[in-house]
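Novice: Compute the structure for the input listed below.
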Amino acid sequence: MAAALVHYLSFTEAYLDWALLIVRIILAIVFGAHGWYKSFGKQGFQGSAIRFQQHGIPFPLFFSYVTSISQLIAVPLLLAGLLTRWVALILLIEMTVATWAKYRENKIFDGADLPMSDWALCLLLIVLGPGRLSLDALIQ
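Specialist: Numbering: from 1, shown residues only. As a prediction, this is how the structure comes out:
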């Protein structure tokens, strides 16, 4: 029975590149929104630094700039599918820290779920790459 079900779902492999494109678009939207908020939005760099300090992150102002700017730079790179695995690795590291900080503060159901989900999508892009609908694929 299970083998038959897997066989019937095998058509989905033809849509892997489109699925990876959707993952990249969604991550670009999420990181764009958060990067903008940390940089120029209500929170800004100083507000991010205060939150980072509250979470016990060392050099909070420095990492506020690094995190915010890297998330904003990631947006066009993810959309284009350029340097995707490297971008995903950097974002995965950021999401590891964010998950740790949020989990320490509120446990899993009050804040750690978003960075964990982003972490998983970044891992997916590291392992599978950006797909054929990307500049990375065009360059190779």
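Novice: count of neighbours near residue 84?
Specialist: For residue 84, the neighbour count with other C-beta atoms under 10 Å is 26. Where C-beta positions appear, they are placed from N, C-alpha and C, glycine not excepted.
Novice: tell me the contacts of the nearest residue to it once chain neighbours are set aside?
Specialist: The shortest distance from residue 84 to any non-neighbouring residue, by C-beta to C-beta, 6 or more residues apart in numbering, is to residue 130 (3.8 Å). Residues near residue 130 by C-beta atoms under 8 Å, 6 or more residues apart in numbering: 20-21, 24, 81, 84-85, 136-137.
Novice: Buried members of those residues into PyMOL, please.
Specialist: Applied in PyMOL, the following selects the buried portion of the contacts of residue 130 according to 16 or more other C-beta atoms under 10 Å:
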select buried, resi 20+21+24+81+84+136
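Novice: What is the nearest of the contacts of residue 130 to residue 13?
Specialist: Using C-beta to C-beta, residue 20 comes nearest to residue 13 of those, at 12.0 Å.
Novice: so what's that closest one up against?
Specialist: 124-125, 128-131, 133-134.
Novice: residue nearest the centroid of the protein?
Specialist: The residue lying closest to the centre of the chain (C-alpha atoms, centre = their mean) is residue 118, at 4.5 Å.
Novice: lowest-confidence helix or strand of the protein?
Specialist: Sorting the helices and strands of the chain by mean pLDDT, DSSP states H and E puts helix 2-8 at the bottom, at a mean of 63.
Novice: list the buried ones in the next helix-or-strand element following that one?
Specialist: Next helix or strand after helix 2-8 toward the C-terminus (DSSP states H and E): helix 16-39. Neighbour counts over helix 16-39 (16+ other C-beta under 10 Å) mark 17, 20-21, 23-24, 27-28, 30-32, 34-35, 37-39 as buried.
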